[in-house]
Every structure is written in structure tokens, then in C-alpha cells.
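Colleague: need a 3D model of the following:
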Amino acid sequence: RRRERTEAMQLALALLTAVTAAAATADGPSFAEQSHTRSKHMDLPELENSDILEEPTDLRPALWKEETVVAAAAHAHVELTVSIAGGKPFEHRWKRAFGSGHASLTLRKDWRAQLLQASSELGLQAVRCHGLFDDDMGPVVTLNADGTDSYNFSLIDSTWDFLLSAGVRPLVELSFMPAFLANCSWHGHCPELPPNCTGYGCTICGGRGVGPVVNPHAPARCVGLEFHYQGIKQPPYKDDYTRWHELVYALVVHAVSRYGLAKVQTWDFEVWNELWGMSFPHEYMALYEASATAVKRVHPSLRVGGPATAGASCLPPPTLLRSLSFERLLKKTHAFPALAD
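Modeller: Just a heads-up that it's a prediction; the model follows:
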């Protein structure tokens, strides 16, 4: 406590010196005169003997000292000159992309009106949505009689057409699993977590436990009774990522055909969201490889990456990314800062 009081006195003396210089031209008695008048009441100890400082017997000198500093500061006039030579404009990184719920919301008139306002007034550059492949966007995938997949991108076209007409790029989140491709269970297997993997994105089976692999030919069985938006956050049926790869490939081919390669080269493709429903790294990296190779298969210049984790948890090690021959990819994590009371 003695040392803390001494440090406080040292700080106060430094402040007194600075304010004295600043207040030299102030009206009324000079600060030096005020300080001299009251210093005789302070009985400040020698700072060199701070280790043997005794307990103060009178708190009034400290109060007088504070009053003097405040009074002098009230009369002080300080001018600062700041040079901006060599500077650069402040970059509004937050304008690069907004998150906007799930994709089917983009079909609403009120959502589109608000998007136009955000674009014109805030300079919004890109929009990211969950669930581009969800069944309420088509459904995007249906099953033909011969067992092959059929794609319907008409509602995705409507969303992208509108965004581009407003001067806003799609930030394409490749999610979630269409019902005809999903396991329709929480997981067919749950491998061990890697060491030092923490956070909810690394939980096994979403806390639901191991479930059987269910034949996906009845999509209604994939979605339980829910009273809020979910999306099917599961790996593909029997962990066969071939159909998922072909879906992503078909979507990107469709985008390039509709909007041109030069336009799509300005987009970012992102694999999934925050590892939802995917154990890491086993299932997510299988999904990642199937997705990234599909995008690059269309054209190697297209940008793809991930994972969009939360709080920088469970980021893929560089060696794992290099093993997939994708060293310079978009890598993301979401931060959710908390405000203290």
C-alpha cells in the first residue's frame, strides 16, 4: 500500500508539472502561485524514501491537491497539431459482407427493401446466408426415377439476380445438406476428437448420440417437428461425398454460365457454417475436400475456403490444408464479442 500511495503521488506531481506549463497564460493567479500557497500544507515525503513512508494522518492535503489540479486544468488551453501526411483512408471492413439469416428470407419483399437500403446508405458489398441448399429453396435436389439427382436452382437464381442488381455480391455459404443427400440421422459414426479441440464446434454428434444410418428416400423423415429454422446439418448418406461434390460443381457451373466467369471470380465460396453437425476434423475435412475440389474443378481461379468457425475454435492445421493442395484459401472464423455490464 505504501508503494501504491507513493506511485500515486509521483503521478500527481508529474501532472502538476504538465498543467503548470499549460496554464502559464491562464487568467487569475498563476498555477505556480496557487501551488506554492497550498504546498506548505501537503508535507509530501521524500520520494527516495518511499519504502519507509508512514501512514498519512490527514487526508485534506490530498483533496487540496486534487482541487488544484482540476482548477488549473479548467483554465488550461492546449493546442495539438496532428499530421496526416502519408496516411491512408480508414477501411470500412465491416462493409465487406453482412450476415443475413437463412437463404429463403431473401425471397421476401421486406428483406429486399431493407437490402436496397443497406446497399445505398451503408455501402454494403456482399451478403452471406445460411441454407442455400435447404429444401425451402426449391427443393434444390430431388431424386429421379433412375436414382440420379435432379437440380433446381431457380430460387437461388432469384436471390443472386436481385443481389447483383443491387450491386451486392453473394458470399456463397455452401450449406446445408439437402434431404435427399442427408443421412437422416444425427451421425452414422462419431470418431474421437483430436487433442486440444475445444468449443461447441468440436462436439461429437451435436450431443445427440450415435444414430443409425437411415435410407434418405423419404425426405420428410429427415426433419423432425421444429418450431424454428433448423436446416439439415448432417453428413451425406453413408458418408458418400460424391453426390455432394457433384451438387456443388453443378451450382458453380450454373453460376459461371449465368453470370460469367469474370463476375463469379469476385465471389467467395465458403464451406458450411461453424462446423454445425460435423465432427472435426474427420467429417468436416471430408466435406471441405469434396466442396473445394468441386469449385476448383470449374476454374482454378475461383476463391473457396473455410471453415467459418466460432471464436477461432478448431481451425484446420496448415499441414492438413496443404495435403489437399489448397494453401492459399479463404479462412474464416466468427467472433462474438461480449459487452460487460
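Colleague: now the strands: where do they sit in the stretch 1-150 of the chain?
Modeller: Assigned by DSSP state E, counting those that start in this stretch, the stretch 1-150 of the chain shows strands spanning 98-102, 126-130, 141-143, 149-151.
Colleague: I'd like the average pLDDT over the third one.
Modeller: Model confidence over strand 141-143, given as mean pLDDT, is 87.
Colleague: what's the answer for the second one, then?
Modeller: Per-residue pLDDT values across strand 126-130 average out to 94.
Colleague: shaky segments in the stretch 51-200 of the chain?
Modeller: Within the stretch 51-200 of the chain, the ranges that satisfy pLDDT under 70 run 51-75, 184-200.
Colleague: quick revisit: mind putting the strands of the stretch 1-150 of the chain into TSV with distance to Thr159 and mean neighbour count?
Modeller: Where you see a C-beta, it was placed from the backbone N, CA and C, and this is true even at glycine. Putting those into TSV (distance: least, Cβ to Cβ, whole Å; neighbours: other Cβ atoms under 10 Å) gives the following:
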stretch	distance to Thr159	mean neighbour count
strand 98-102	10	16
strand 126-130	8	21
strand 141-143	17	18
strand 149-151	15	15
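Colleague: for those, give me CSV that also has distance to Tyr259.
Modeller: Shown next, in CSV, are the strands of the stretch 1-150 of the chain (distance: least, Cβ to Cβ, whole Å):
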stretch, distance to Tyr259
strand 98-102, 20
strand 126-130, 14
strand 141-143, 22
strand 149-151, 17
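Colleague: how does the chain divide into domains?
Modeller: The chain is divided into the following domains under automatic domain parsing: 2-75, 94-334.
Colleague: one step back: nearest to Phe269, out of the strands of the stretch 1-150 of the chain?
Modeller: Phe269 sits nearest to strand 126-130 of all the strands of the stretch 1-150 of the chain, at 10.9 Å, using Cβ to Cβ.
Colleague: run a quick neighbour tally on Leu275.
Modeller: For Leu275, the neighbour count with other Cβ atoms under 10 Å is 26.
Colleague: residue ranges of the helices in the chain, please?
Modeller: Secondary structure of the chain (DSSP state H): helices at 2-22, 31-39, 60-75, 109-122, 154-165, 242-259, 261-264, 282-298, 318-323.
Colleague: leaving out chain neighbours, which residue sits closest to Leu116?
Modeller: Of all residues not flanking Leu116 in the chain, Ala166 sits nearest, at 5.6 Å (Cβ to Cβ, 6 or more residues apart in numbering).
Colleague: now do the contacts for that neighbour.
Modeller: By Cβ atoms under 8 Å, 6 or more residues apart in numbering, Ala166 lies in contact with 115-116, 119.
Colleague: next one: it from Ser104, what distance?
Modeller: 18 Å (Cβ to Cβ, to the nearest Å).
Colleague: and for Asp134?
Modeller: From Asp134 over to Ser104 the distance is 7 Å, taken as Cβ to Cβ.
Colleague: show me which of these two is the more surrounded one.
Modeller: Remark: of Asp134 and Ser104, Asp134 carries more neighbours, 24 against 20, as counted by other Cβ under 10 Å.
Colleague: what sits against that one?
Modeller: Residues counted as contacts of Asp134 (Cβ under 8 Å, 6+ apart) are 102-104, 140, 176, 178, 231-232.
Colleague: do the same with Lys233
Modeller: Residues in contact with Lys233 (Cβ under 8 Å, 6+ apart) are 175-177, 206, 276-278.
Colleague: and the closest residue to Asn152 other than its chain neighbours, how many neighbours?
Modeller: Spatial nearest neighbour of Asn152, excluding adjacent residues (Cβ to Cβ, 6+ apart): Gly138 at 4.4 Å. For Gly138, the neighbour count with other Cβ under 10 Å is 18.
Colleague: you'd agree Gly138 is up against Leu155?
Modeller: Yes - at 5.7 Å, Gly138 counts as touching Leu155 under the criterion of Cβ atoms under 8 Å.
Colleague: which of the contacts of Lys233 has the most neighbours?
Modeller: Met177 (29 neighbours).
Colleague: if I look at that one, how far off is Tyr237?
Modeller: In this structure, Met177 and Tyr237 are 9 Å apart, going by Cβ to Cβ.
Colleague: sweet, I'm off.
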